[in-house]
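Student: this one's structure only:
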């Protein structure tokens with residue numbers, strides 16, 4: 001799924017707002033020009049370049065207006081699943097098959113009779129994975145701090 005989010009090195013979850021619809025707001029991340037050393041288990045790893053947001057970070061809103069369910073998972077506990085069928089590996093993915101979608105269909109499948117079929121969408125950020133089952137594709141637009 002090609003989106004404006006594909007034109008950045010990486011994204012961080014900035015905010016998630018649920019008020020009748022779901023807004024996932026992401027902030028652009030940059031690799032620092034500065035290096036730092038990291039101590040791990042008595043060893044020093046030198047020359048690392050941290051990734052973080054800055055005042056130059058673009059912000060985007062991914063809005064789901066007709067969703068069934070959503071979840072947020074710490075990215076550290078996510079792994080590749082060969083069962084899944086996704087359109088690509090970008091920041092915003094569309095999955096036609098996943099265990100999460102199977103679970104939703106098995107336990108909450110009545111939505112198909114009420115509002116129609118749904119797809120599984122995934123927003124993959126540096127630290128969180130946001131999974132959304134929605135009946136309409138999301139809209140994506142620049143978001144401004146207020």
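Tutor: The structure has been received and is ready for your questions. Since this is a predicted model, take the numbers as computed values, not measurements. Numbers count the residues shown, from 1 in each chain.

Student: OK, contacts around the residue nearest the centre of the chain?
Tutor: For the chain, the residue nearest the mean C-alpha position is residue 123 (1.8 Å; Cα atoms, centre = their mean). Contacts for residue 123 (Cβ atoms under 8 Å, 6 or more residues apart in numbering) come out as 13, 24, 26, 62, 91-92, 129-130, 132. Any C-beta I mention is one placed from the backbone N, CA and C, and that applies to glycine too.

Student: would you map the helices across the chain?
Tutor: Counting by DSSP state H, one finds helices in the chain at the ranges 99-108, 111-114.

Student: of the contacts of residue 123, which is the most crowded?
Tutor: residue 26 (31 neighbours; other Cβ atoms under 10 Å).

Student: pLDDT at the residue nearest to that one when sequence neighbours are not counted, what is it?
Tutor: Of all residues not flanking residue 26 in the chain, residue 11 sits nearest, at 4.2 Å (Cβ to Cβ, 6 or more residues apart in numbering). On pLDDT, residue 11 comes in at 97.

Student: for the chain, which spans come out with low pLDDT?
Tutor: Residues of the chain that meet the criterion pLDDT under 70 lie in 146.

Student: show me what contacts the closest residue to residue 36 other than its chain neighbours?
Tutor: Closest residue in space to residue 36, ignoring its immediate chain neighbours: residue 48 at 5.6 Å, by Cβ to Cβ, 6+ apart. Listed by Cβ under 8 Å, 6+ apart, the contact partners of residue 48 are 35-38.
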